[in-house]
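In: Quick one: sequence and predicted model below, then my questions.
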Amino acid sequence: MEITDTVAGAVVISSAPYFERQSMPESRPLTFLCITTYVKGQEFMRECKRQGCRVLLLTAAKLRDAEWPRESLDDTFYLPAEIPLADIVQAVTHLARTQKIDRIVALDEYDMETAATLREHLRIPGMGLTTMRYFRDKLAMRMKALDRDIRVPDFVPVVNHDDIRYYLDHVAGPWVLKPRQEASAIGIKKIHAAEALWPVLEQLGDKQSSFLLEKFVPGEVYHVDSVVSEKEVLFANVSKYGKPPMNVAQGGGVFTSFTVGRGSDEDSGLRQINRELITALGLVRGVAHAEYIRAHADGHFYFLECAARVGGAFINEMVEAATGINLWREWARLEIAGGDGTYKLPAVREDYAGVILSLARQEEPDTSGYSDPEVFLRIKKHHHAGLILRSGDPQRVQALLENYAQRFAKEFLAVEPPRDKPTA
């Protein structure tokens, strides 16, 4: 049934089906409910099916025709747009009357609260709401990191205006105003003068407290992609962005990232900080994508943010090219194993890889002119040009990315205004 309204505590019900569903086969040993309102996580679902699990997908109705791994899905449920969380809980609870759900997994960051709420309501093992907030709320994760003496840029919650005035008087600008629960660089505003902040806050009105104000730290941005089992980081791959993601997201340009030299001070330093961070934030098992900046001013690493998910922008494919570890696949295997101690990390290769990606003017850009033997994978996505490179030589990967970025800018690059919200 489709819940259409709630009036004075009474539920108003229409006769339209709440979930539009496909046929349901016989039960499997372990049933996963995968939740994503964005097109991602296909390899997670495939691996669950390869391991003999039943896989249920809960996604947005607008994604009915998306490229889902339908051969790996036992049932698919579609949610109408703008549905309240309480209604999703009610609907999944009705589903659980007839289907035994063993795991609930959010494949996208924006669905983590939904998954955590469902786990707590149905008492299904996995990350609860408190821990989830350390991976969704930029204020919560900074305060927890600071408690463990992990460096973070100077910040202040956008709550008490006297605190904000004190902060502006004692922390030199510029600053960045960040939404606490957005992903990537979405919604971030750079503030150059104190007097320029107050009109922005006035415009935000009652939404002010959903932001934090942070010192803008010029530097080079890195990301560490991890596999975590029973609070232990079993695998970590350290990479560096060619340009800070905020610069690319807000100013346009070609996105690149590449594996840093193994055993370098960047590699060893960030691995240590990352272990401390994962422990501080409380991730028990799963994957994590954490970002850090090395400040030009003092050379120290500062923690920026961490998500309990696979990184976007084809970072998974880059990590797999370098190491043989597919983060989606390992995440599925971790969830299947639970805490029974049976999970084992596969052998790790130590090559080097890079990714280059840009929005393209052409609907199907032709990258055949990029024919160096290091080209490992050609990314196929509408109005995007992209390549994954692999080599045993980190300098070769970096040199190719620098050369390719210049060529991409001439041959493919298109620029669109910064997004205020994510797209599917």
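Out: That came through, no problem. Numbering: from 1, shown residues only.
In: now this structure, which segments are flagged as low pLDDT?
Out: Low-confidence segments of the chain (pLDDT under 70): 1-28, 183-185, 417-424.
In: beta partners of A60?
Out: Using DSSP bridges, the bridge partners assigned to A60 are L79.
In: Hmm, it is touching F77, no?
Out: No: using CB atoms under 8 Å, A60 is not in contact with F77, being 10.4 Å away. Where you see a C-beta, it was placed from the backbone N, CA and C, and this is true even at glycine.
In: can you give me the strands for the stretch 1-150 of the chain?
Out: In the stretch 1-150 of the chain, the strands defined using DSSP state E, counting those that start in this stretch lie at 2-7, 10-14, 20-21, 31-35, 54-60, 75-79, 103-106.
In: The stretch 301-424 of the chain too?
Out: Taking DSSP E, counting those that start in this stretch as the test, the strands found in the stretch 301-424 of the chain are 301-307, 352-359, 375-378, 384-391.
In: and those strands as a markdown table, adding mean neighbour count and distance to P218?
Out: Output for these, formatted as a markdown table (neighbours: other CB atoms under 10 Å; distance: least, CB to CB, whole Å):
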| stretch | mean neighbour count | distance to P218 |
| --- | --- | --- |
| strand 301-307 | 23 | 11 |
| strand 352-359 | 25 | 23 |
| strand 375-378 | 16 | 32 |
| strand 384-391 | 23 | 27 |
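In: As JSON lines, these with distance to W331 would be great.
Out: Shown next, in JSON lines, are these (distance: least, CB to CB, whole Å):
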{"stretch": "strand 301-307", "distance to W331": "12"}
{"stretch": "strand 352-359", "distance to W331": "19"}
{"stretch": "strand 375-378", "distance to W331": "20"}
{"stretch": "strand 384-391", "distance to W331": "20"}
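In: wait, which of the ones you listed is closest to L234?
Out: Proximity to L234 (CB to CB) singles out strand 301-307 among the strands of the stretch 301-424 of the chain, at 16.7 Å.
In: follow-up on the earlier one: so which of the strands of the stretch 301-424 of the chain comes closest to L30?
Out: Nearest to L30, of all the strands of the stretch 301-424 of the chain, is strand 301-307, at 25.1 Å by CB to CB.
In: who does that closest one touch, helix- and strand-wise?
Out: Contacts defined by 3 or more CB pairs under 8 Å, 6 or more residues apart in numbering; DSSP states H and E place strand 301-307 against helix 138-147, strand 219-229, helix 265-281, strand 286-295.
In: quick check: angle from it to strand 219-229?
Out: 50 degrees (axes from the mean of the first three to the mean of the last three CA atoms, to 10 degrees).
In: Could you spell out the sheet neighbours of strand 301-307, each with its direction?
Out: Using DSSP bridges, strand 301-307 pairs in its sheet with strand 286-295 (antiparallel).
In: where's the partner strand relative to the chain centroid, distance-wise?
Out: 11 Å (CA atoms, centre = their mean, to the nearest Å).
In: and it with helix 138-147, angle?
Out: 70 degrees.
In: relative orientation of strand 286-295 and helix 265-281 in degrees?
Out: Inter-element angle recorded for strand 286-295 and helix 265-281: 130 degrees (by the same axes, to 10 degrees).
In: Could I have the CA atoms of strand 286-295 written out in PDB?
Out: Output in PDB follows, covering the C-alpha atoms of strand 286-295 (Å, rounded to 0.1, in the frame of the first residue of the first chain):
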ATOM      1  CA  GLY A 286      33.400  -2.200   5.900                       C
ATOM      2  CA  VAL A 287      35.200   0.200   3.700                       C
ATOM      3  CA  ALA A 288      36.200   3.800   4.200                       C
ATOM      4  CA  HIS A 289      37.200   6.800   2.000                       C
ATOM      5  CA  ALA A 290      39.000   9.400   4.000                       C
ATOM      6  CA  GLU A 291      40.500  12.700   2.800                       C
ATOM      7  CA  TYR A 292      43.400  14.700   4.200                       C
ATOM      8  CA  ILE A 293      45.200  17.800   3.200                       C
ATOM      9  CA  ARG A 294      48.900  18.500   3.600                       C
ATOM     10  CA  ALA A 295      49.200  22.200   4.400                       C
END
